[in-house]
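Undergrad: Sequence below, structure please.
(one chain, ligands or ions: 2)
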Amino acid sequence: MATRGFFGRRTPPELADRIPPGQYLEEGFPVLSAGPTPHVRTEDWSFTLKVGPRPVKRWNWDEFNALPIGKMTRDIHCVTKWTKLNTAWEGVLVDDILADAGIEPPTGYTLAHAYDGYDTNVPTADLVGGKAMVALRYEGAPLTADHGGPARLLVPHLYFWKSAKWLNGLQFTERDEGGFWELRGYHMYGDPWKEQRFTGD
Ligand SMILES: Nc1nc2c(c(=O)[nH]1)N[C@H]1C(S)=C(S)[C@@H](COP(=O)(O)O)O[C@H]1N2
Ligand SMILES: [Mo]
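TA: Ligands and ions are numbered 1, 2, ... in the order given. Take a look at the predicted model:
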């Protein structure tokens, strides 16, 4: 009769060390978008890597899918307080995008850009070294439009708003420039283990 604690928002003790402070365990996969879902056809999709204003390389869908495809299974943490464990993704590591472009990380900061006009900033160090990918598939199937398909950024160690859906490019910047939510009061970095939800946290 050891079922008490497995329901509702109570966290099973063996998982407690995977739930950051203030978060609860979510079994579903909520959809959170600032606006309507853009429906981008893969034949219209492209991904552009920029250093400041300068485009360095651009890939179409077929070219991008020919890059090395890796897997990541990670826990994700939304600032609206849900945490989802063991989410399984396939996609292209940011390291492999840079390698294909033939560049080393040129600046310390990056802005991720998306088809809906959304953007978000991430320190470059948090995107490389196997820490982040451009995800193309979730749980073995192509990423659905509501979760950011055709492609989304996945930076699982930061709050999930950093994982830009409908990604169409990464831009290296000299300074740490805030993106959509960061300019509206959210934290510039967003470490869930430090509860960096809002400016000043
Ligand atoms: N392009 C884009 N990316 C986005 C958003 C958005 O509105 N537009 N919302 C962010 C927020 S606040 C969260 S919590 C996650 C939600 O991803 P999900 O809908 O797959 O759960 O996407 C993030 N990425
Ligand atoms: Mo969010």
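
Undergrad: Need phi/psi at W61.
TA: Backbone geometry at W61, expressed as degrees, to the nearest 10, gives phi -60, psi -50.

Undergrad: Now do the contacts for it.
TA: Applying C-beta atoms under 8 Å, 6 or more residues apart in numbering, we find W61 in contact with T42, E43, W45, S46, P150. Backbone N, C-alpha and C define where each C-beta goes, glycine included.

Undergrad: Could you tell me what pLDDT the model assigned to the first one?
TA: Residue-level confidence at T42 comes out at 98, pLDDT.

Undergrad: how deep is it tucked in, by neighbour count?
TA: 15 (other C-beta atoms under 10 Å).

Undergrad: can you pull out the helices in this structure?
TA: With DSSP state H as the criterion, the chain has helices at 61-65, 94-101.

Undergrad: how about the strand ranked longest in the chain against ligand 1, any contact?
TA: Criterion DSSP state E: the longest strand present in the chain is strand 82-93. No - remark: strand 82-93 sits outside contact range of ligand 1, by C-beta under 6 Å from any ligand atom, the gap being at least 8.4 Å.

Undergrad: Quick one: name the residues of this protein near ligand 2.
TA: L32, C78, V79, W161 (C-beta under 5 Å from the ion).

Undergrad: How much space separates the residue lying closest to the second one once chain neighbours are set aside from E27?
TA: The reference is to C78. Spatial nearest neighbour of C78, excluding adjacent residues (C-beta to C-beta, 6 or more residues apart in numbering): F160 at 4.4 Å. Per C-beta to C-beta, to the nearest Å, F160 is found 16 Å from E27.

Undergrad: So for those two, which residue has more residues nearby?
TA: Neighbour count, other C-beta under 10 Å: between F160 and E27, F160 has more, with 22 against 7.

Undergrad: where are the low-confidence patches of the protein?
TA: Residues of the chain that meet the criterion pLDDT under 70 lie in 1-10.

Undergrad: Check it and tell me which residue is nearest its centre.
TA: S163 (1.9 Å; C-alpha atoms, centre = their mean).

Undergrad: hang on, L136 packs against T144?
TA: No - look at L136 against T144 with C-beta atoms under 8 Å: they stay out of range, at 11.7 Å.

Undergrad: rewinding a little: need the contact list for the residue nearest to C78.
TA: Contacts of F160 (C-beta under 8 Å, 6+ apart): L32, I76, H77, C78, V79.

Undergrad: So which of those reach ligand 1?
TA: L32, C78.

Undergrad: could you dump the contacts of F160 to CSV with neighbour count?
TA: Shown next, in CSV, are the contacts of F160 (neighbours: other C-beta atoms under 10 Å):
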residue, neighbour count
L32, 13
I76, 22
H77, 25
C78, 17
V79, 22
